[in-house]
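**Student:** below is the sequence, then the predicted model.
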Amino acid sequence: MKRHHYYRYLTALTAITTPVAFGQNGSVSPPPGQPTHKGDPGKFELLNDTIVSSQQIFLGRPDKIYILDKVENNPTQINGHAAWGAEYRLSDNTQRAMNVQTNTFCAGGSVLGNGTWINVGGNQAVTTGGTAATSQDGTSAPYFDGDGRQSIRLLDPCDGNDCNWVMAPQQSPEQRWYPTVETLEDGSAIIIGGCKWGAYVNDASQTTANYEFFPSTGPPVPSTFLQNTLPANLYPLTWLLPSGKLLMQATWSTTLLDYKTNVETPLDDMPDAIRTYPASAGNVMMPLTPANNWTATILFCGGSNVSADRFSAPDFVPISQPASSSCVKIAPDVSRSYVQDDPMPGGRAMTNLILLPDGKILCLNGAKTGTAGYGQTPWSIGNSYADDPVLTPAIYDPDAPAGSRWSSNGFSPSTVPRMYHSSATLLPDGSVFVSGSNPNPDYTVGPNVIYPTEYRTERFYPSYYNQRRPQPKGLLTQLSYGGPSFDVVLDSDDLSGDVKNVDSAQVVVIRTGFSTHNMNMGQRMVVLQSTYTGYGNNTATLHVSQIPPNPAILAPGPAYIFVVVKGIPSVGVPVMIGSGNIEAQKVFPIGSTPASTILHPDNNATDPSGTTSNTNQNHKASYAEQAYSMQGGYYALGRLSVVIGILSALVILV
């Protein structure tokens, strides 16, 4: 190729790949419809039993939950041994066993920036009753499980039935039982803490007091914080903050970790209760919104008010310990101190806090007394270190006045105790998948077992569930950090026949997280900045900014996007945040949006199609629908321009 032709070719290629209408983003999702599953708001519905107990779960596809269990004698078999992994299809409640090579007992997990899910650590290979196997290489009957403590497992979820867990080329140099995994700004993961062989609490002889990265950037980095927070520092509670630092909390201590410089900055101690395992409080990053300037506030609720040295005392009886009802929160990028929040209606240990698309937080699962853990002791209930399950969920409303943020009004109790090793996650239709609970060393069932290995699975339906859902048009399948705004169209039904309801509309993005041990690692909700144009026929267009230009606000990777009107969410649709790769993410200037306004027909306002409106016109389509059609037309025009540009480039080369 001649040099001047080569440069003309690059110029042509640049021109045809510059997006015409949608900036850096790919395509527009089909409008979401109504939920296909029926449910009663405020109630639990029993589904099909799972084929393995749900110690760890995540939503890998809109229609699929992936489940990991510890190695135990589950009745379902695969490759000649008991299964400890499964795929659960939500649309018809069918399941398939998945082969997992090593023991995933008490592993951690998250999702990477390219959409691959990562599962880290676990326990040694075991035989019946959870005792150590004679061989750790996967050759010991009856389970044929390998040592999972240094394992890093990967899964690319699939729509078909052909995806399976694979071992990553890079395995951890450390043994990690109870590690935490958090996704970082470039879509890589930080792997934090854990222990070498496990016990009720950690201790100096076995602690893994360091952190490492996947993909690897070198050997693990020692952590003074993890060295000094024994014994209750397993699954250290960790969040990526908008500042790019990590909040880490364990036992009574809190620190800010700058993982780029390996500097730890102590913050104030945790009030009222220990929140980490085995005290196991609920914890969640509250919604990041334009109103709070996307400032991270972490909420902690429940746990146990126990001095750290009591956990390892020989006379400590966890099951007699009442769970705390305390809730506290901290905004670590703003203040080093915790503040009190409304306490829960009652004490809970091992409770899940689930972000709902309406901005409220669902609290479910847990126990009134005791802690996580199990063992054969004179005082345990069977093997359980907890008792008095809390069966009725509660809702926390962060926008309610202090003193009135918690409510269980209209909620019915579950019939299934959900305590140690239970899990929960939000589904795209706004219901919540609830499963698991197994405070036993192996598969344990029977009429005399009070807290058996649970396979019963439920869906919980929030109060909005049976309301007519918005069906927005124009949601993108990929969002960048900054970049041009995009338009989302709401019709009259979406606005309940009143254009003024557009003032309540929000576009929210939720990453549902990896659920295990009453945590949802990586769970996060971001409300996008938006304005609106309303029209006299009770339709409207939302003008929506993309993710704020800071990948630490929402790390890259798959999520779900919802439109919420008057507290009623649409069905969520998948969206990729960032480039879809593990790499430094590009940040773009924030695209402009017009001021919010409502145009009335009697003002002879001009709608987006250029037609002057008045009260005598009989419109065949709403103004907003015409705007959506124009948007689709521009997108099609952009695709056509690409084809024309390619042909032109070929002509130039000739």
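**Tutor:** Received the coordinates, thanks. Small disclaimer: the values here were computed from a predicted structure and weren't measured.

**Student:** how about the strands in the stretch 201-350 of the chain?
**Tutor:** All strands of the stretch 201-350 of the chain, identified by DSSP state E, counting those that start in this stretch, fall at 210-214, 221-222, 237-240, 246-250, 253-258, 263-266, 282-285, 298-301, 327-330, 339-341.

**Student:** who's in contact with Met344?
**Tutor:** Cys301, Gly302, Ser325, Cys327, Cys363, Ala394, Trp406 (CB atoms under 8 Å, 6 or more residues apart in numbering). Bear in mind the C-beta positions are built from the backbone N, C-alpha and C, glycine included.

**Student:** which SS state does Gly482 fall under?
**Tutor:** strand (DSSP: H, G, I helix; E, B strand; the rest coil).

**Student:** any chance of the strands of the stretch 201-350 of the chain in a markdown table, plus mean pLDDT and mean neighbour count?
**Tutor:** What follows is the strands of the stretch 201-350 of the chain, written out as a markdown table (pLDDT from 0 to 100; neighbours: other CB atoms under 10 Å):
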| stretch | mean pLDDT | mean neighbour count |
| --- | --- | --- |
| strand 210-214 | 98 | 21 |
| strand 221-222 | 98 | 14 |
| strand 237-240 | 98 | 22 |
| strand 246-250 | 98 | 26 |
| strand 253-258 | 98 | 20 |
| strand 263-266 | 98 | 14 |
| strand 282-285 | 98 | 25 |
| strand 298-301 | 98 | 24 |
| strand 327-330 | 98 | 20 |
| strand 339-341 | 98 | 14 |
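
**Student:** got JSON lines for the ones you listed, with distance to Gly113 too?
**Tutor:** Converted to JSON lines, these look like this (distance: least, CB to CB, whole Å):
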{"stretch": "strand 210-214", "distance to Gly113": "11"}
{"stretch": "strand 221-222", "distance to Gly113": "21"}
{"stretch": "strand 237-240", "distance to Gly113": "12"}
{"stretch": "strand 246-250", "distance to Gly113": "17"}
{"stretch": "strand 253-258", "distance to Gly113": "20"}
{"stretch": "strand 263-266", "distance to Gly113": "24"}
{"stretch": "strand 282-285", "distance to Gly113": "18"}
{"stretch": "strand 298-301", "distance to Gly113": "22"}
{"stretch": "strand 327-330", "distance to Gly113": "27"}
{"stretch": "strand 339-341", "distance to Gly113": "32"}
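
**Student:** Val509: which of those strands is closest?
**Tutor:** strand 282-285 (13.2 Å; CB to CB).

**Student:** so which of the strands of the stretch 201-350 of the chain is nearest Ser384?
**Tutor:** That would be, of these and by CB to CB, strand 282-285, which comes in at 19.0 Å.

**Student:** how about residues contacting that closest one?
**Tutor:** So strand 282-285 is in contact with 237, 239, 275, 296-302, 348, 351-355, 361, 363, 366, 518-520, 523-525, going by CB under 8 Å, 6+ apart.

**Student:** are any of the residues you listed buried, and which?
**Tutor:** Neighbour counting with 16 or more other CB atoms under 10 Å marks 237, 239, 275, 296-302, 348, 351-355, 361, 363, 366, 518-520, 523-525 as buried within the contacts of strand 282-285.

**Student:** how far away is Thr127 from Ser140?
**Tutor:** Thr127 is 6 Å from Ser140, where distance means CB to CB, to the nearest Å.

**Student:** mind listing the shared neighbours of those two?
**Tutor:** Common neighbours of Thr127 and Ser140 (CB under 8 Å, 6+ apart) are Ala133, Thr134.

**Student:** and Leu391, backbone torsions?
**Tutor:** phi -100, psi -20 (degrees, to the nearest 10).

**Student:** residues in contact with the closest residue to it other than its chain neighbours?
**Tutor:** Closest residue to Leu391 apart from its sequence neighbours, by CB to CB, 6 or more residues apart in numbering: Pro413 at 3.7 Å. The contact partners of Pro413, by CB under 8 Å, 6+ apart, come to Phe44, Leu391, Thr392.

**Student:** what pLDDT is listed against Pro413?
**Tutor:** Looking at Pro413, its pLDDT stands at 98.

**Student:** separation between it and Lys38?
**Tutor:** 20 Å.

**Student:** likewise Arg459?
**Tutor:** If you go by CB to CB, the gap between Arg459 and Lys38 works out to 10 Å.

**Student:** those two: who's more crowded?
**Tutor:** Taking other CB atoms under 10 Å, Arg459 and Lys38 do not tie; Arg459 has more neighbours (20 against 9).

**Student:** count of neighbours near Tyr464?
**Tutor:** Neighbours of Tyr464 using other CB under 10 Å come to 18.

**Student:** and the closest residue to it other than its chain neighbours, backbone torsions?
**Tutor:** Excluding the flanking residues, the one nearest Tyr464 by CB to CB, 6+ apart is Ile568, at 5.1 Å. Dihedral angles of Ile568 (phi, psi; degrees, to the nearest 10) stand at phi -110, psi 120.

**Student:** need the contacts of Pro413 in a markdown table (columns: pLDDT and distance to Arg176).
**Tutor:** Shown next, in a markdown table, are the contacts of Pro413 (pLDDT from 0 to 100; distance: CB to CB, whole Å):
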| residue | pLDDT | distance to Arg176 |
| --- | --- | --- |
| Phe44 | 98 | 34 |
| Leu391 | 98 | 33 |
| Thr392 | 98 | 35 |
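
**Student:** just name the closest of those residues to Thr116, please.
**Tutor:** Phe44 (32.2 Å).

**Student:** list the contacts of that closest one.
**Tutor:** Ser412, Pro413, Ser414, Thr415, Val416, Val434, Glu458, Arg459, Phe460, Tyr461.

**Student:** wait, which of the strands of the stretch 201-350 of the chain is closest to Asp162?
**Tutor:** Short answer: strand 210-214, nearest of those by CB to CB, at 24.3 Å.

**Student:** what lies in contact with that closest one?
**Tutor:** 112, 118, 120, 152, 168, 170, 172-174, 184, 188-193, 219-223, 226, 259.

**Student:** just these: which are in helices?
**Tutor:** Cross-referencing the contacts of strand 210-214 against helices under DSSP state H gives Leu226.

**Student:** which PyMOL command selects the buried ones in the contacts of strand 210-214?
**Tutor:** Buried residues among the contacts of strand 210-214 (16+ other CB under 10 Å), as a PyMOL selection:
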select buried, resi 112+118+120+152+168+172+174+184+188+189+190+191+192+193+220+223+226+259
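
**Student:** is it true that Gly578 touches Ile553?
**Tutor:** No. With contact defined as CB atoms under 8 Å, Gly578 does not reach Ile553; the gap is 11.3 Å.

**Student:** between those two, which contacts overlap?
**Tutor:** With CB under 8 Å, 6+ apart, Gly578 and Ile553 have common neighbours Ile547.

**Student:** next, Tyr235: phi, psi?
**Tutor:** According to degrees, to the nearest 10, Tyr235 has phi 50, psi 60.

**Student:** ok, the residue lying closest to Gly346 once chain neighbours are set aside - how many residues close by?
**Tutor:** Residue nearest to Gly346 in three dimensions, not counting chain neighbours: Ser325, with 5.8 Å by CB to CB, 6+ apart. Residue neighbour count, defined by other CB under 10 Å, stands at 19 for Ser325.

**Student:** can you check Thr131 too?
**Tutor:** 11.

**Student:** over to Ala204?
**Tutor:** So Ala204, with other CB under 10 Å, has 9 neighbours.

**Student:** show me what secondary structure element comes after the least confident helix or strand in the chain by mean pLDDT.
**Tutor:** Here the helix or strand of the chain ranked lowest by mean pLDDT, DSSP states H and E is helix 3-17, holding a mean of 27. Along the chain past helix 3-17, the next helix or strand (assigned with DSSP states H and E) turns out to be strand 44-46.

**Student:** show me how far that next one is from its chain's centre.
**Tutor:** Per CA atoms, centre = their mean, to the nearest Å, the displacement of strand 44-46 from the mean C-alpha position of its chain is 22 Å.
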